[in-house]
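Colleague: give me coordinates for this.
(one chain, ligands or ions: 2)
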Amino acid sequence: PELIDQMVEMFRVQADKKSLVLNFTLDGRLPDYVMTDEKRLRQILINLLSNAIKYTDKGKVDFHIRYRNQVAEFVVRDTGPGIEKENLDRVFQPFERVRNSSNAHRPGTGLGLTIVKLLTEIMGGDLQVKSEIGTGSEFRVSLLLPWLDQSQAEDTSKSQILGYEGFQKTLLLA
Ligand code: ATP
Ligand code: MG
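Modeller: Ligands and ions are numbered 1, 2, ... in the order given. Predicted coordinates for the structure are as follows:
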């Protein structure tokens, strides 16, 4: 819950600057502690939420979480320009940016979604995207996030399940 609160707070500020509404909804109850790589989960959410806000000029961004049976589904939906069907695969490739109104004058390296895809795969999760030109985009990441009680959380917080080196290797292989 602490990580999610931080994300919502941080991106509400960004959304406000563009007069966008950031709508957060939760289905289920978030446990106090889950087993995950917090840094990587943060990276996934930051990339999806920052894209939604960056590419949307009017309307709203919905951030929805569903937590059930130890699986968390993170949904980020926007009312932005959308992505053409034929480009939906490309946006996950490194350094690929779709050259249309969605990124005209919007700086970026084209790595955000590549990172989201790789991290989701490494963490054994699932990534789905739906998008329609003129309507908006929806990115959905599902991850197994087993809940822990406080003593388990304290025990495991020192051990790193996925280190930076493991991630780097995967990035090189991709
Ligand atoms: P950065 O590396 O800084 O994230 P980026 O935002 O261009 O740069 P990605 O996040 O990988 O890179 O996104 C790739 C491309 O996909 C973007 O350039 C943009 O064209 C398109 N895109 C991503 N998210 C959205 C969105 N929510 N709505 C519309 N287009 C999007
Ligand atoms: Mg991006």
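Colleague: check which element follows the longest helix seen in the chain along the chain.
Modeller: Longest helix in the chain, counting residues (DSSP state H): helix 38-55. Next helix or strand after helix 38-55 toward the C-terminus (DSSP states H and E): strand 60-68.
Colleague: could you pick out the residues of this structure near ligand 1 for me?
Modeller: 47, 51-52, 55, 78, 80-81, 83, 91, 97-98, 102-103, 108-114, 137 (CB under 6 Å from any ligand atom). Where you see a C-beta, it was placed from the backbone N, CA and C, and this is true even at glycine.
Colleague: quick one: which of the residues you listed sit in helices?
Modeller: Using DSSP H, the residues of the chain next to ligand 1 in helices are Asn47, Asn51, Ala52, Tyr55, Gly112, Leu113, Thr114.
Colleague: now, which of the residues you listed sits nearest ligand 2?
Modeller: Gly112 (2.9 Å; CB to the ion).
Colleague: find the nearest non-adjacent residue to the closest one, please.
Modeller: Asn47 (4.1 Å; CB to CB, 6 or more residues apart in numbering).
Colleague: how about Asn87?
Modeller: Val98 (4.8 Å).
Colleague: follow-up on the earlier one: which of the residues of the chain next to ligand 1 come close to ligand 2?
Modeller: Asn51, Gly112 (CB under 5 Å from the ion).
Colleague: in PyMOL, how would I select just the buried ones from the residues of the chain next to ligand 1?
Modeller: Of the residues of the chain next to ligand 1, the buried ones go into a single PyMOL selection, burial set by 16 or more other CB atoms under 10 Å:
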select buried, resi 47+51+52+55+78+80+81+83+91+97+98+102+103+110+112+113+114+137
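Colleague: for Asp126, grab phi and psi.
Modeller: The phi and psi values for Asp126, taken as degrees, to the nearest 10, are phi -130, psi 140.
Colleague: what is the neighbour count of the residue nearest to it when sequence neighbours are not counted?
Modeller: Spatial nearest neighbour of Asp126, excluding adjacent residues (CB to CB, 6+ apart): Ser142 at 4.4 Å. For Ser142, the neighbour count with other CB atoms under 10 Å is 17.
Colleague: how far away from the center of its chain is the helix or strand encompassing Ser142?
Modeller: For Ser142, the enclosing helix or strand under DSSP H and E is strand 136-144. In terms of CA atoms, centre = their mean, to the nearest Å, the centre of strand 136-144 is set 7 Å apart from its chain centre.
Colleague: which element follows that strand toward the C-terminus?
Modeller: Strand 136-144 is succeeded, C-terminally, by strand 147-148 (DSSP H and E).
Colleague: so which bits of the chain are right by ligand 2?
Modeller: Residues of the chain lying near ligand 2 (CB under 5 Å from the ion): Asn51, Gly112.
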